[in-house]
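**Q** could you work out the structure for the sequence below:
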Amino acid sequence: MGGADGPSGSAARRPFVDRALTDLALADRAAEAAADRWGLPRPHRLRVGMNALYGCGGTVLRVGHATAPAELAHRLAEVMIEHGVATVSPVDGLAGTFEGVAVTAWQREQAVDVAIDWVAVGRSVRRVHEVPLAALPSGYPVPSPQVFPWWDFEALLAESADLLDEAALHGLRSALDRHAGWRHEVGVGAVVCHGDVHPGNVLRSANGPLLIDWDLLCTAPPAWDHAMLTSYAPRWGGDPAVYRAFADGYGASLAHDPLTIGLARLRNVAATLMRLRAGRTDPVARAEAERRLRHWRDDPGAPAWTAQ
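**A** Below is the predicted model of the structure:
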């Protein structure tokens, strides 16, 4: 299942999905074509993010722009399950390209209205970090996060220059200058990382929390997967107990680790600049970007951020 040398080739320089599927008519056509080919009930759209999700009875179709063959998403899930990681199971054989985009089928899990068991999530992330690179399916992209376009801070700052006042720009620049060595640091002690651990990528199922959305799988230090949750309470208004529980399950807390602290702050810079970009055409995103800029201006009344 995995090549002796692990994933390789030019595709490994980009994550599995690094651009959003914005053409919903295209996504609808692809889902309908896949459902028809595979004998599934007519799909109905569930939600849209970087990918579009569709319900087809007991199956969920995931539609998006992928940088590698769609079936590799299934193979990756199988590897993670084999290594004890709780995630959604693929529907074997139902993966392919329709209308030029990747479509994969997954077993539909019944979501339950319970609090996320962050201890269990921490255990799953620890198991991800213990997966050998060579065990991953050959061809599945596992880049360094250095190549993620939303971490190209100079380009994002240049793009947003006309939207930034002096105080906000100073705050953002100060964070970037303080943690300028991050590109070198993420290459030291790298392991296989999920790449995007946050509450939105945990499915609360009847069988416990499932870690989902592996599009940003990468190689980085463990700090990469801890960073967001360490800032979840102070910046995103989350419960401070979340990271403590996650760290208990993981077996170690990185809350005071300098690299984790730096990556968390840089992640927040990226999140702010991406909202600014989206805000050029989306008033809701623009309002959220303004909320975030208050933090970078050192506004003592700066509110917690929201996910939109």
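
**Q** now the helices for the stretch 1-150 of the chain?
**A** Taking DSSP state H, counting those that start in this stretch, the helices of the stretch 1-150 of the chain run over residues 24-38, 71-82, 118-129.

**Q** so what touches the last one?
**A** Outside helix 118-129, the residues that touch it by CB atoms under 8 Å, 6 or more residues apart in numbering are 80, 83-87, 191-194, 197, 202, 208-209, 211, 222, 225, 241-243, 245-251. From N, CA and C alone the C-beta is placed, and that goes for glycine too.

**Q** in helices only, show me those residues.
**A** Cross-referencing the contacts of helix 118-129 against helices under DSSP state H gives 80, 225, 241-243, 245-250.

**Q** which one among the residues you listed gets closest to residue 142?
**A** Each of the ones in helices among the contacts of helix 118-129 was scored against residue 142 by CB to CB, and residue 80 proved nearest at 12.8 Å.

**Q** not counting sequence-adjacent ones, nearest residue to the closest one?
**A** Setting aside the residues directly before and after it, residue 80 is nearest to residue 87 in space (CB to CB, 6 or more residues apart in numbering), at 5.3 Å.

**Q** neighbours around that neighbour, how many?
**A** Counted by other CB atoms under 10 Å, the residues lying close to residue 87 total 22.

**Q** same thing with residue 286?
**A** So residue 286, with other CB under 10 Å, has 15 neighbours.

**Q** which parts of the stretch 151-300 of the chain are strands?
**A** Using DSSP state E, counting those that start in this stretch, the strands assigned to the stretch 151-300 of the chain run over residues 191-193, 202-205, 208-211, 218-220.

**Q** how close does the most centrally placed residue in the chain get to residue 63?
**A** The C-alpha lying nearest the average C-alpha coordinate of the chain belongs to residue 196 (CA atoms, centre = their mean; 3.2 Å). Using CB to CB, to the nearest Å, one obtains 18 Å as the distance from residue 196 to residue 63.

**Q** swap in residue 170?
**A** 41 Å.

**Q** of the two, who's got more company?
**A** Neighbour tally, residue 170 and residue 63, criterion other CB under 10 Å: the higher count belongs to residue 63, 28 against 14.

**Q** ok, that one touching residue 21?
**A** Yes: with contact defined as CB atoms under 8 Å, residue 63 reaches residue 21; the gap is 6.4 Å.

**Q** common neighbours of the two, please.
**A** Going by CB under 8 Å, 6+ apart, residues that sit against residue 63 and also against residue 21 are 27, 51-52, 101.

**Q** make a markdown table out of those and add distance to residue 132, pLDDT and neighbour count.
**A** Formatted as a markdown table, the shared contacts of residue 63 and residue 21 follow (distance: CB to CB, whole Å; pLDDT from 0 to 100; neighbours: other CB atoms under 10 Å):
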| residue | distance to residue 132 | pLDDT | neighbour count |
| --- | --- | --- | --- |
| 27 | 35 | 98 | 26 |
| 51 | 27 | 97 | 22 |
| 52 | 33 | 98 | 26 |
| 101 | 31 | 98 | 21 |
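
**Q** and which of these is nearest to residue 152?
**A** When the shared contacts of residue 63 and residue 21 are compared for distance to residue 152, the smallest value, 22.0 Å, is given by residue 51; criterion: CB to CB.

**Q** now do the contacts for the closest one.
**A** Contact partners of residue 51, counting by CB under 8 Å, 6+ apart, are 17, 21, 62-64, 215.

**Q** show me which positions of stretch 105-113 end up buried.
**A** Judged by neighbour count using 16 or more other CB atoms under 10 Å, the buried positions of stretch 105-113 are 105-106, 108-109.
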